[in-house]
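**Student:** Here is a sequence with its predicted model. Questions after.
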Amino acid sequence: MKRWIMPLVAVLWAAPAMAQESPVLELVRSDFRTQKVAIVTLAMQLDTTQSSAFWPIYRQYEAALTSLWDQRLALLKDYGQNYQTMTEEKAKQLADGALRLEDQQVRLRKKYFNEMSRALGSIVAARFLQVENQIAALVSVQLAEEVPLIRKPE
């Protein structure tokens, strides 16, 4: 999964004006989705009955998560555009946006944990939560490695 982060950050950082429409960005997203589905499939270890209940809920979750990721990528793009000329106000705005998105992502996981618990039981739902948390942690670590820290004002 690591291989999709560097191209994504490169597209967002090097060409902020084009990042939203970039075919490279769409290719990276498609590659990430494919890898993520493979990881989730392997990790969840669902039988046929569980799969038929799990995947429709998971697709709804992914659609909502994609919206949050679009917002996160927009925030990262904004950071890249303002990196050289960062102001106190912009830094606060970006930090507030990042915290708001983290909050929304936790609420989203909680919502879908509850839905999965009702449909599949708490053990399967907890496994879903573990897998999603591990994937999110890996992505966050990779982004942290690729995105430079905010610069001290000169």
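**Tutor:** Happy to help now that I have it.
**Student:** Just the pLDDT at residue 83, thanks.
**Tutor:** Per-residue pLDDT puts residue 83 at 91.
**Student:** and it, how many neighbours?
**Tutor:** 15 (other C-beta atoms under 10 Å). The C-beta positions use only the backbone N, C-alpha and C, and glycine is treated the same way.
**Student:** Can you pull the phi/psi pair for it?
**Tutor:** When read as degrees, to the nearest 10, the backbone of residue 83 gives phi -60, psi -50.
**Student:** Now do the contacts for it.
**Tutor:** By C-beta atoms under 8 Å, 6 or more residues apart in numbering, the contact set of residue 83 is 148, 150, 151.
**Student:** ok, it to residue 149 distance?
**Tutor:** According to C-beta to C-beta, to the nearest Å, residue 83 and residue 149 sit 10 Å apart.
**Student:** secondary structure class for residue 110?
**Tutor:** Here residue 110 is helix, with the state taken from DSSP: H, G, I helix; E, B strand; the rest coil.
**Student:** C-terminal to the lowest-mean-pLDDT helix or strand in the chain, what's the next element?
**Tutor:** Within the chain, no helix or strand scores below helix 5-14, which has a mean of 48 by mean pLDDT, DSSP states H and E. Proceeding N to C from helix 5-14, the next assigned helix or strand is helix 23-44, under DSSP states H and E.
**Student:** Number of residues surrounding residue 40?
**Tutor:** Using other C-beta under 10 Å, the number of residues around residue 40 comes to 19.
**Student:** need the contact list for it.
**Tutor:** Here residue 40 is in contact with 58, 131, 135 (C-beta under 8 Å, 6+ apart).
**Student:** Surely the first one and residue 128 touch.
**Tutor:** Yes. The pair residue 58 and residue 128 passes the contact test of C-beta atoms under 8 Å, sitting 7.5 Å apart.
**Student:** Counting neighbours, go ahead and name the busier of these two.
**Tutor:** Neighbours around residue 58 and residue 128, counted as other C-beta under 10 Å, are more numerous at residue 128. The numbers are 25 against 21.
**Student:** Nothing else from me, thank you.
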